[in-house]
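> Pasting a predicted model and its sequence here:
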Amino acid sequence: MATTNLTYYDKTTIPNANSFRFGIVVSEWNPEITQNLKKGAIETLLDCGAQEKNIIFWDVPGSFELVFGCKKMIQTQKLDAVIAIGNVIQGETKHFDFVCEGVTQGIVDLNIKYDIPVIFCVLTDNTIQQSLDRSGGKLGNKGIECAIAAIKMAVLKNTGKPTESIGF
Ligand SMILES: Nc1c(NC[C@H](O)[C@H](O)[C@H](O)CO)[nH]c(=O)[nH]c1=O
Ligand SMILES: CC(=O)[C@@H](O)COP(=O)(O)O
């Protein structure tokens with residue numbers, strides 16, 4: 001069974017996000033999944049001190065469009081981190097493979113090209129149940145984990161140093 005290291009985070013080990021500005025780009029495909037991921041991410045950012053006025057949201061049609069949406073957000077907004085939220089579920093054909101490869105490589109490219117961390121919050125699952133389990137179900141919420149990652153990477157972006165390790 002998958003572990004969920006950061007879904008159950010220790011707030012005392014997370015830097016205060018009060019001064020950071022976050023972007024969240026969300027795919028409209030599988031909204032019953034992506035909206036739960038978005039909810040987990042928002043609640044976690046706020047729990048860790050982020051200000052509501054410092055979180056901006058854009059929707060894109062599908063996970064493949066997350067790359068362009070994140071690029072335009074980075075180019076037009078002053079941000080400390082961006083979270084790309086999507087959910088790709090295997091269908092009958094190889095389309096799943098190409099969507100997943102495209103969004104994965106595209107987000108890698110954004111992290112290389114721009115000095116803004118783009119967090120990969122895209123569930124790539126074989127079944128809807130796997131997605132449900134990872135977006136607020138028995139295996140946690142990837143949105144929570146990615147919000148924690150966004151805060152830690154915002155610290156790295158702004159200080160040039162990583163957040164202190166919590167020991168594992
Ligand atoms: N099947 C899923 C898709 N497919 C759509 C693509 O993401 C893209 O919008 C289309 O190919 C046009 O460029 N998207 C998801 O996010 N999740 C899926 O399961
Ligand atoms: C991952 C997808 O794009 C999915 O909707 C494609 O389904 P199918 O392979 O059955 O066309």
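Alright, I've got the coordinates. Ligands and ions are numbered 1, 2, ... in the order given.
> Cys121 belongs to a helix?
No: read with DSSP: H, G, I helix; E, B strand; the rest coil, Cys121 is strand and lies in no helix.
> Run a quick neighbour tally on it.
32 (other CB atoms under 10 Å). C-beta here means a position set from N, CA and C on the backbone, and glycine is covered the same way.
> which residues does it bridge with?
Ile85 (DSSP bridges).
> Would you agree it is in contact with Gly40?
No: counting by CB atoms under 8 Å, Cys121 stays clear of Gly40, with 9.2 Å between them.
> between these two, what contacts are shared?
Lys142, Gly143 (CB atoms under 8 Å, 6 or more residues apart in numbering).
> contacting residues for Ser131?
Asn30, Ile33, Asn87, Ile89, Leu123, Asp125.
> Tell me the spacing between the fifth one and ligand 1.
By that I understand Leu123. According to CB to the nearest ligand atom, to the nearest Å, Leu123 and ligand 1 sit 9 Å apart.
> ok, how many other residues are close to that residue?
22.
> buried residues in stretch 56-63?
Buried residues in stretch 56-63, counted by 16 or more other CB atoms under 10 Å: Val60, Ser63.
> ugh, typo on my part, it should be stretch 49-56
Ala50, Asn54, Ile55.
> Ok, stretch 35-44 next?
Applying 16+ other CB under 10 Å to stretch 35-44 flags Gln35, Asn36, Leu37, Lys38, Gly40, Ala41, Ile42, Thr44 as buried.
> From Cys121, how far off is the second one?
Look at Asn36 and Cys121: by CB to CB, to the nearest Å, they are 11 Å apart.
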